[in-house]
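Participant: The amino acid sequence is not available; the structure is as follows:
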């Protein structure tokens, strides 16, 4: 593992520019929960995130559902669970709850959706949605107890990789509250713990970055160009968010050990996430040249995925107990 890299200093500088001094100084506290909460307080800033690129989202939709216009939530409700009724769903680490709200709107399928998260500010925003069959609980999972066999579905949306001791969690508390035939649904980063990518992956990321014309590599809210990716140090990962990818590489092996795979759709991002970080805003609106740039990035990632495991996976699994 790398303790610190040059990119740690570069990224910290640009993060301070993009998110302001309040966010920057929020990291200088020994309180891990405060640092984690600050990482998810995205209610007051605009950033350059690769998941906001419409063409990237269409790629994910196709790899998950087989249709670029059908997202994973629609796949869950309109395909996989279309014949189910009166289900209770628990979302752990739900954040601002946008997917959970969409699931709850299918009130024939879901009798109740329960969202649990430590970020009470995000839950307060979510609570204004007007949907009646959704409940919000602002607590740490370690401080809350659910009854045995209480839920039909446990849902992790970009949150499971923030939990430590993944196997213990999935084979313990999660299986306890999940019904014997219940479903575990994830949409997650499942790659290397603390983003300690291999030399092979870093080389591939830089190849992808070099394929982008310089004019599209200007960093968000700056005149500086992104020219190289060197990886991230463990120290900055812990400082920025102590929970980030703390045991992420254990997710898939642990699920396969304790659950039966019903649907598993890898959808990459091994190159896209790091390549497009801070330069994604160039591709929110496309012309012919920008579309060609993205198509080349997709081709490079597809080539990489032929010999390497995907960093992101959508999956539906059934409890083995």
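Facilitator: Thanks, I have it. Every value quoted in this text rests on a predicted model; they were computed, and no experiment measured them. Numbering: from 1, shown residues only.

Participant: can you map out the strands along the stretch 51-200 of the chain?
Facilitator: With DSSP state E, counting those that start in this stretch, the ranges of strands along the stretch 51-200 of the chain come out as 87-92, 110-117, 134-138, 151-157, 178-189.

Participant: could you dump the ones you listed to TSV with mean pLDDT?
Facilitator: Shown next, in TSV, are the strands of the stretch 51-200 of the chain (pLDDT from 0 to 100):
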stretch	mean pLDDT
strand 87-92	98
strand 110-117	97
strand 134-138	96
strand 151-157	98
strand 178-189	97
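
Participant: of all those strands, which lies closest to residue 196?
Facilitator: Closest of the strands of the stretch 51-200 of the chain to residue 196 is strand 178-189, at 13.1 Å (criterion: C-beta to C-beta). C-beta here means a position set from N, CA and C on the backbone, and glycine is covered the same way.

Participant: Could you list the buried residues of that closest one?
Facilitator: For strand 178-189, burial by neighbour count (16 or more other C-beta atoms under 10 Å) applies to 178-179, 182-189.

Participant: For that strand, what is the distance to the chain centroid?
Facilitator: The chain centre lies 16 Å from the centre of strand 178-189; the measure is C-alpha atoms, centre = their mean, to the nearest Å.

Participant: Pull up the pairing partners for it, direction included.
Facilitator: The sheet places strand 178-189 alongside strand 151-157 (parallel), strand 312-319 (antiparallel), with pairing taken from DSSP bridges.

Participant: Format these as TSV; extra columns: distance to residue 216.
Facilitator: TSV is the format used below for the strands paired with strand 178-189 (distance: least, C-beta to C-beta, whole Å):
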stretch	distance to residue 216
strand 151-157	30
strand 312-319	23
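
Participant: Residue 59: neighbour count?
Facilitator: The burial count assigned to residue 59 is 22, neighbours taken as other C-beta atoms under 10 Å.

Participant: for residue 297, same thing?
Facilitator: Residues lying near residue 297 (other C-beta under 10 Å) number 23.

Participant: tell me the contacts of it?
Facilitator: Contacts for residue 297 were tallied using C-beta atoms under 8 Å, 6 or more residues apart in numbering; they are 208, 211-212, 271-272, 275-276.

Participant: would you turn the strands paired with strand 178-189 into a markdown table with mean neighbour count?
Facilitator: Converted to a markdown table, those look like this (neighbours: other C-beta atoms under 10 Å):
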| stretch | mean neighbour count |
| --- | --- |
| strand 151-157 | 23 |
| strand 312-319 | 20 |
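
Participant: Out of those strands, the one nearest residue 258 is which?
Facilitator: Closest of the strands paired with strand 178-189 to residue 258 is strand 312-319, at 8.1 Å (criterion: C-beta to C-beta).

Participant: Which pLDDT value goes with the nearest residue to residue 50 once chain neighbours are set aside?
Facilitator: In this structure, residue 50 finds its nearest non-sequential neighbour in residue 276, 3.9 Å apart by C-beta to C-beta, 6 or more residues apart in numbering. Per-residue pLDDT puts residue 276 at 98.

Participant: what are the phi and psi angles of residue 276?
Facilitator: phi -90, psi 0 (degrees, to the nearest 10).

Participant: For the protein, give me the ranges with low pLDDT.
Facilitator: Applying pLDDT under 70 to the chain flags residues 20-45.

Participant: So which elements touch the lengthiest helix in it?
Facilitator: In terms of residue count, the longest helix belonging to the chain (DSSP state H) is helix 6-25. Under the contact definition 3 or more C-beta pairs under 8 Å, 6 or more residues apart in numbering; DSSP states H and E, helix 6-25 sits against helix 234-240.

Participant: ok so, going back, now the buried residues of strand 178-189 in TSV, with distance to residue 88?
Facilitator: Listed next are the buried residues of strand 178-189 as TSV, based on distance: C-beta to C-beta, whole Å:
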residue	distance to residue 88
178	10
179	9
182	9
183	11
184	14
185	13
186	18
187	19
188	21
189	26
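
Participant: Of those, which pair is most distant in space?
Facilitator: 179 and 189, at 26.8 Å, using C-beta to C-beta across the buried residues of strand 178-189.

Participant: What ranges does this protein have for its helices?
Facilitator: With helices called from DSSP H, the chain shows them at 6-25, 32-39, 54-65, 72-75, 98-104, 120-126, 166-171, 173-177, 199-210, 234-240, 251-258, 272-276, 288-305.

Participant: Just name the most buried of the ones you listed.
Facilitator: The highest average neighbour count among the helices of the chain, using mean count of other C-beta atoms under 10 Å, belongs to helix 272-276 at a mean of 25.
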